[in-house]
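*Asks:* quick one: sequence and predicted model below, then my questions.
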Amino acid sequence: MTPASDPGFDTGALAAYLQAHLPGFAGPLSATKFKGGQSNPTYRIDAASGCYVLRRKPPGKLLASAHAVDREFRVLRALQRSPLPVAEPLHLCEDAGVIGSMFYLMSYVPGRIYWDPALPDLAPAQREALYGAALDGLIALARLDVAAAGLADYGKPGNYFARQIARWTEQYRASETGTIAAMDHLIDALPAAAPADDGRVALVHGDFRLDNLMWSDKPGLLAVVDWELSTLGHPLADLGYFCMALRLPRNPVLPGLAGLDRASLGIPDEAALLARFAAATGLDPGDAWPFHLAFHFFRLAAIAQGVMRRALQGNASSEQALAAGRMAATIAQMGADVLDR
């Protein structure tokens, strides 16, 4: 975490609000902004009544439908009785006047985050166990009964990938700062390459990667965080995104695993992850796997472009936002390459 003597909002006003609206809360409080994340600013809240986490919309002009912290809050509530571990949601404040934007408060999970998917501090057996636990989380998410969880209306019906391609094309065009030929190619080619809608519906996290998971020292999965991009979609969606990290370059901003000897590290290869997922869920992407990977490179490139636009406007939440935004062209080219092969 980075010390934040001035978190950008009135901590006294926040304390007064929470004391009035959250049973058991007692101030005064201090707010410390967490490192990492390019989207919704997240803070550790230390108060007289304990430790909490606050997640808010960023200030400034935002793209339509982005940064929906109220949707995050709803998902956390829905998953409280599920096999997938998440933090406990405590209070949603839709009044932007309290701290300058909508926010919610959740429980603090005292776990560890691994920012580098190569897990340099762990032994091979620990890496294998951690990746296995992460995949078990993906399996639990794919098998979740969305209707029983109260999320049957959480997303639009119809082909998930077609909708997502259209949505991220729109988001990319709205944040475009220059021409990226590979991105234009993906926008043209992905709709025709998308598999037919098979009617399967699952809760899709949308950003399921190691640094959005909280771990115990065992290691064991304590909580899945950052549900901003979640929606209803196809149960293979998160698997494609998770496996994309195996192919991303060893970049300090968006660290991947490309070029590493993953076998000696104890990190499962892509085929092993797919086989284990298929055995547990009955879902095998088969010949459509290149599309799944290309789609997620396209989507990540669109997200990176949005980060770049916010950085240029001065309202991105991380000091690394500009560097992350510059990765958009590289990521788009990786998507074009895997699709064309």
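*Replies:* That came through, no problem.

*Asks:* hey, let's count contacts and neighbours off CA atoms from now on
*Replies:* OK.

*Asks:* residues of the helix or strand of the chain with the lowest mean pLDDT that come out buried?
*Replies:* Least confident helix or strand of the chain, by mean pLDDT, DSSP states H and E, is helix 321-325 with a mean of 73. Within helix 321-325, the residues scored as buried using 16 or more other C-alpha atoms under 10 Å are 321, 322, 323, 324, 325.

*Asks:* skipping adjacent residues, who's closest to the residue most central in space within the chain in space?
*Replies:* In the chain, the centroid-proximal residue (C-alpha atoms, centre = their mean) is residue 207; its distance is 2.6 Å. Of all residues not flanking residue 207 in the chain, residue 229 sits nearest, at 6.7 Å (C-alpha to C-alpha, 6 or more residues apart in numbering).

*Asks:* surely the one you found touches residue 208?
*Replies:* No: using C-alpha atoms under 8 Å as the test, residue 229 is too far from residue 208 to be in contact (9.8 Å).

*Asks:* who's more crowded, these two?
*Replies:* More crowded of residue 229 and residue 208, by other C-alpha atoms under 10 Å: residue 208, with 26 against 16.

*Asks:* and the pLDDT at that one?
*Replies:* Each residue has a pLDDT score; the one for residue 208 is 95.

*Asks:* likewise for residue 314?
*Replies:* We note a pLDDT of 73 for residue 314 in this prediction.

*Asks:* so what's the residue count around it?
*Replies:* The burial count for residue 314: 13, using other C-alpha under 10 Å.

*Asks:* cool, and residue 24?
*Replies:* Counted with other C-alpha under 10 Å, residues neighbouring residue 24 total 10.

*Asks:* who touches residue 75 in this structure?
*Replies:* Taking C-alpha atoms under 8 Å, 6 or more residues apart in numbering, we find residue 75 in contact with 151, 227.

*Asks:* give me the phi and psi for it.
*Replies:* phi -60, psi -40 (degrees, to the nearest 10).

*Asks:* that one and residue 130, how far apart?
*Replies:* To residue 130, residue 75 is 24 Å away according to C-alpha to C-alpha, to the nearest Å.

*Asks:* cool, and residue 194?
*Replies:* From residue 194 to residue 130 the distance is 31 Å (C-alpha to C-alpha).

*Asks:* helix, strand or coil for the residue nearest to the centre of the chain?
*Replies:* coil (DSSP: H, G, I helix; E, B strand; the rest coil).
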